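Peer 1: Need a 3D model of the following:
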Amino acid sequence: MRWSWFFIKRRQEREERERAFYENGSLLLEKLIASCNAKPIPIPTFSPQQLLLATNNFSSEKLVMEFSIRYKGSLEGRIVLIKCNNGWADLVINDLVISAQMSGHSNVLKPIGCCLHTQIPILVFEYAANGVLADRIYVFRVTERQHQAMVWERRLKIARQIAHALSYLHTAFPRPVIHMFMHMGNILLDENDVPKLSGFYFSVSIPEGEAEVEGFHGFRHFGFCAPEFKATGKIHTNG
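Peer 2: Here you go, the predicted structure:
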């Protein structure tokens, strides 16, 4: 009886992984076709076993960012950043697709691949050795993380580089893309302090021929959102 329960449990887990893979894979394909004008963007997939091995079973010693649940891992001979996500699968897929579109820009965190077998997909990115920008700007975080505070010349250079990445996001594609979630926790730094923009979960595309689109209304309650968006709930290409 005990063995029977064990095999039933294993079969259920396998079926859940297969269901998640097909559902997430379909969503990924749908968003790639809609966002990339049917241009093929190869996105490698990894199994849960590969990610477990890469992170030593998601050991706490490999956890490098607690708030957003990001692990340092070793995958196929390279150091990577593995993002475990909460929330909705479609937002995670959105992050992956737009990151893939933007991967040619030197100031965007490049995706390496994903795992679609979990209910919420797990994303794999290039590793950013110096963590998030917030840890180098906020005084209490600088002390906590034992980083050296960033000088103003470096801050201004990072601001210019991120502004260039955002301009590319707005102008490089047939449909302008608006990031919608800009903050210092979504800017990572590599070993040379080169900034890498990330966190495209809530990004939206302006349809061709349109001048505005509805944004995620939850942001209307944030103090930093644009006043016209707070007032109307719409994002404009000229605002």
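Peer 1: Lowest mean pLDDT among the helices and strands, pick that one out for this protein.
Peer 2: helix 139-145 (a mean of 50; mean pLDDT, DSSP states H and E).
Peer 1: need the next SSE after that helix, C-terminal direction.
Peer 2: Of the helices and strands lying after helix 139-145 in sequence (DSSP states H and E), the nearest is helix 152-171.
Peer 1: Buried residues of that following helix, list them for me.
Peer 2: For helix 152-171, burial by neighbour count (16 or more other Cβ atoms under 10 Å) applies to 158, 161, 162, 165, 166, 168, 169. The C-beta positions use only the backbone N, C-alpha and C, and glycine is treated the same way.
Peer 1: What are the contacting residues of that helix?
Peer 2: With contacts defined as Cβ atoms under 8 Å, 6 or more residues apart in numbering, helix 152-171 is touched by 98, 102, 105, 107-108, 133, 137, 150, 176-179, 182, 187, 189, 193-195, 197, 203.
Peer 1: Can you say which of these are buried?
Peer 2: Members of the contacts of helix 152-171 classed as buried by 16+ other Cβ under 10 Å are 98, 102, 105, 107-108, 133, 137, 150, 176-179, 187, 189, 195, 197, 203.
Peer 1: Whichever helix or strand residue 71 is part of pairs with which strands?
Peer 2: Assigning secondary structure by DSSP H and E places residue 71 in strand 70-75. In the sheet, strand 70-75 lines up against strand 63-65 (antiparallel), strand 78-83 (antiparallel) (DSSP bridges).
Peer 1: all helices for this protein, in order.
Peer 2: In the chain, the helices defined using DSSP state H lie at 2-35, 48-54, 89-101, 134-137, 139-145, 152-171, 227-232.
Peer 1: separation between residue 199 and residue 206?
Peer 2: 19 Å (Cβ to Cβ, to the nearest Å).
Peer 1: Could you tell me the per-residue confidence at the spatially closest residue to residue 107 that is not a sequence neighbour?
Peer 2: Residue nearest to residue 107 in three dimensions, not counting chain neighbours: residue 165, with 4.2 Å by Cβ to Cβ, 6 or more residues apart in numbering. In the predicted model, residue 165 carries a pLDDT score of 96.
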